[in-house]
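S.K.: Quick check, what structure comes out for this input:
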Amino acid sequence: MKTIFKTKLNTATIVLIPACIGINYLGKLFASLLKLPLWLDSIGTCIGACLGGPIIGAICGAANNLIYGLTTGDNITLIYALTSLGIGFVVGILARLGFMTSFPKALICACGGGIAAVVISTPLNILFWGGTTGNFWGDALFAATQAAGMPVAVGSLLDELVVDVPDKLLTLIIVYLILKGLPKKLTALYDANAKIERLD
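M.R.: A predicted model of the protein is given here:
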């Protein structure tokens, strides 16, 4: 249990952080340009969280939002750095607890990341955007809930649920398959208890 938050700051981890931020950036840009019903901006965060632990996952998530927001002028993304930080942190904890060792467990990890996103984002949505998320598909559902006379909080929660939970399920499935394909000699570099520091 005491190694859950242990962070191994070696060369491999330092290289991992910008690589994961780049993966996040491209995923979000791709989803945004195609107006997909998903975010696809947490793949790198979850890779960093699973390999480096919750602290590295949180750094990758928050840094990605800040960089994307500042370089594209997307102010919404800046605010949701808190959400990305939370996703990386929760997924990192669950990964350290063994929830990425099998496909069924990875789905549980995905649900954990999705719930973290919903819990953090919903109040932000209500506070800054009147309950909307900025995702076309989720906001269409939000509009329907408001037309039906449902409370803003309920509509905003549903808006987040229909986008974030499926997004995190797809994200963690992709991450699980990526991690399964990595050589053990490479993943050992991020093991909090391992002594290996080199690839050769």
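S.K.: Now do the worst-scoring helix or strand of the chain on mean pLDDT: which elements does it pack against?
M.R.: Within the chain, no helix or strand scores below helix 75-79, which has a mean of 85 by mean pLDDT, DSSP states H and E. In terms of contacts (3 or more Cβ pairs under 8 Å, 6 or more residues apart in numbering; DSSP states H and E), helix 75-79 is packed against helix 54-72, helix 103-129. Where C-beta positions appear, they are placed from N, C-alpha and C, glycine not excepted.
S.K.: could the ones you listed be laid out in CSV, adding mean neighbour count?
M.R.: What follows is those, written out as CSV (neighbours: other Cβ atoms under 10 Å):
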stretch, mean neighbour count
helix 54-72, 22
helix 103-129, 19
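S.K.: Take those and write them to CSV, including mean pLDDT and distance to Asp159.
M.R.: Converted to CSV, the helices and strands packed on helix 75-79 look like this (pLDDT from 0 to 100; distance: least, Cβ to Cβ, whole Å):
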stretch, mean pLDDT, distance to Asp159
helix 54-72, 94, 19
helix 103-129, 97, 7
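S.K.: Would you indicate which residues of the least confident helix or strand of the chain are buried?
M.R.: The neighbour-count check on helix 75-79 (16 or more other Cβ atoms under 10 Å) flags 76-77, 79 as buried.
S.K.: The helices and strands packed on helix 75-79: which one's closest to Asn193?
M.R.: Smallest distance to Asn193 across the helices and strands packed on helix 75-79 (Cβ to Cβ): 15.6 Å, for helix 54-72.
S.K.: tell me what that closest one is packed against?
M.R.: Applying 3+ Cβ pairs under 8 Å, 6+ apart, one finds that helix 54-72 makes contact with helix 11-34, helix 43-52, helix 75-79, helix 81-96.
S.K.: CSV for the ones you listed, including distance to Leu179?
M.R.: Output for the helices and strands packed on helix 54-72, formatted as CSV (distance: least, Cβ to Cβ, whole Å):
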stretch, distance to Leu179
helix 11-34, 12
helix 43-52, 6
helix 75-79, 26
helix 81-96, 9
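S.K.: Deepest in the core, which of those is it.
M.R.: helix 43-52 (a mean of 29; mean count of other Cβ atoms under 10 Å).
S.K.: excluding its backbone neighbours, what's nearest Phe99?
M.R.: Among residues not flanking Phe99 along the chain, Cys109 sits closest, at 4.1 Å (Cβ to Cβ, 6 or more residues apart in numbering).
S.K.: so the one you found touches Thr101, yeah?
M.R.: No. In this structure Cys109 lies outside contact range of Thr101 using Cβ atoms under 8 Å: 9.8 Å.
S.K.: between the helix or strand where Leu158 lies and helix 103-129, how big is the angle?
M.R.: According to DSSP states H and E, Leu158 maps onto helix 152-181. Orientation check (axes from the mean of the first three to the mean of the last three Cα atoms, to 10 degrees): helix 152-181 against helix 103-129 gives 140 degrees.
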